[in-house]
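A.B. asks: Sequence below, structure please.
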Amino acid sequence: MNDRERLKDKKRIVIKIGSSSLTHAQTGKLNLRKLEILVRELGDLRNQGKDVVLVSSGAIAVGAAALGFKEKPQESRQKQACAAVGQARLMMIYQKLFGEYNQMAGQILMTKNTMVNNANRKNAENTFNELLSMGVIPIVNENDSISTYELQSLEKFGDNDTLSAVVAALIGADLLILMSDIDGLFTDDPNTNPDARFIDTVETLDEKLLDMGKGSTGSKVGTGGMATKLTAARIATAAGTDMVIANGGDFHNIHRIVEGEACGTLFVGKKEEEFFLIDYIEKLL
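C.D. replies: Purely as a prediction, here's the structure:
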């Protein structure tokens with residue numbers, strides 16, 4: 001059985017969705033057709049008996065659209081206000097859609113301090129495990145409405161790629177899927193270099209590969225570029241979690257990945273003998 005076929009046997013899966021995969025590029029408002037496909041995909045994973053966690057961006061983007069911003073807000077207080085409005089709207093829609101497929105969803109909002117503080121980290125782990133044991137799909141986001149720019153070094157993960165990897169390591173997930181605006185990892189930026197080659201599988205995440213992500217940027221509505229995805233891969237694989245970067249333009253890619261199809265770039269998890277999540281949080285964040 002090869003590395004792709006082993007993905008069929010994964011039991012606990014974390015899926016991260018970026019803002020650009022959830023919203024219409026022209027308006028910044030939610031793409032409801034794509035959201036419905038996403039919910040159906042995740043609901044079907046639950047129906048197969050798998051534990052599912054969704055790390056969902058989009059609160060600031062949804063709030064900005066609702067409050068009439070023409071562009072992504074730049075000031076911290078504007079972002080916080082947009083997050084407060086947008087997170088409520090986002091969860092309301094998720095609850096409605098998951099309910100239509102007879103699935104229960106719950107909300108978990110985190111900051112970096114959730115993981116740095118030992119008691120908070122254990123409480124978060126217990127909450128995840130209890131929800132999953134009840135068949136609930138936790139929907140996770142950073143608590144942007146209280147994480148401030150001035151306290152960013154303490155409070156903020158800064159992007160949901162990293163947050164999703166931390167969550168995957170915390171709960172012992174065996175697969176992390178990052179849905180992005182790119183097909184996977186390339187040797188160079190395929191938008192500017194037509195000779196860039198697609199990388200199907202990464203067995204070992206070395207410094208050469210990590211350097212490839214430096215300087216790359218994300219979309220205008222998101223915060224994460226390829227560098228953040230490779231940071232996520234570093235955390236996830238060290239915890240023994242397989243990770244896949246795939247195109248979020250088609251959420252059907254989720255079941256293709258779980259069914260072992262060649263979709264996206266697979267980073268093979270190889271748990272380090274002495275893996276301590278807090279060490280990675282302090283070193284990489």
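A.B. asks: hey, let's count contacts and neighbours off CA atoms from now on
C.D. replies: OK.
A.B. asks: Now do the contacts for the closest residue to K50 other than its chain neighbours.
C.D. replies: Among residues not flanking K50 along the chain, K11 sits closest, at 4.8 Å (CA to CA, 6 or more residues apart in numbering). Residues near K11 by CA atoms under 8 Å, 6 or more residues apart in numbering: 49-51, 173-174.
A.B. asks: In TSV, list the residues you listed along with neighbour count and pLDDT.
C.D. replies: Output for those, formatted as TSV (neighbours: other CA atoms under 10 Å; pLDDT from 0 to 100):
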residue	neighbour count	pLDDT
G49	11	97
K50	18	98
D51	24	98
A173	23	98
D174	22	96
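A.B. asks: And Q107, how far from M212?
C.D. replies: Distance of Q107 to M212, computed by CA to CA, to the nearest Å: 34 Å.
A.B. asks: I misspoke; the intended subject was A59.
C.D. replies: Taking CA to CA, one finds A59 at 29 Å from M212.
A.B. asks: Please apply the same query to I257.
C.D. replies: According to CA to CA, I257 stands 24 Å off from M212.
A.B. asks: who has more neighbours, those two?
C.D. replies: Shown here are I257 and M212; by other CA atoms under 10 Å, I257 has more neighbours (22 against 17).
A.B. asks: Distance check, that one against E207.
C.D. replies: Distance of I257 to E207, computed by CA to CA: 26 Å.
A.B. asks: Run a quick neighbour tally on E282.
C.D. replies: By other CA under 10 Å, neighbour count at E282 equals 12.
A.B. asks: my read: H24 touches L32, true?
C.D. replies: No. With contact defined as CA atoms under 8 Å, H24 does not count as touching L32 (9.3 Å).
A.B. asks: residues shared between the contacts of the two?
C.D. replies: Shared contacts of H24 and L32 (CA under 8 Å, 6+ apart): none.
A.B. asks: now the strands: where do they sit in the protein?
C.D. replies: Assigned by DSSP state E, the chain shows strands spanning 12-17, 51-56, 105-110, 137-142, 175-180, 185-186, 198-199, 201-202, 242-247, 265-267.
A.B. asks: any idea which of those strands is most buried?
C.D. replies: strand 175-180 (a mean of 28; mean count of other CA atoms under 10 Å).
A.B. asks: Who does that one pair with, and is each partner parallel or antiparallel?
C.D. replies: Strand 175-180 has the following strand partners under DSSP bridges: strand 12-17 (parallel), strand 242-247 (parallel).
A.B. asks: And for D44, the neighbour number?
C.D. replies: Close neighbours of D44, defined as other CA under 10 Å, add up to 15.
A.B. asks: So for the longest helix anywhere in the chain, what gets flagged as buried?
C.D. replies: The helix that spans the most residues within the chain, counting by DSSP state H, is helix 76-100. Using 16 or more other CA atoms under 10 Å as the test for burial, helix 76-100 gives 76, 78-87, 90-91, 93-95, 97-98.
A.B. asks: Quick check: mean pLDDT of that helix?
C.D. replies: The average pLDDT for helix 76-100 rounds to 93.
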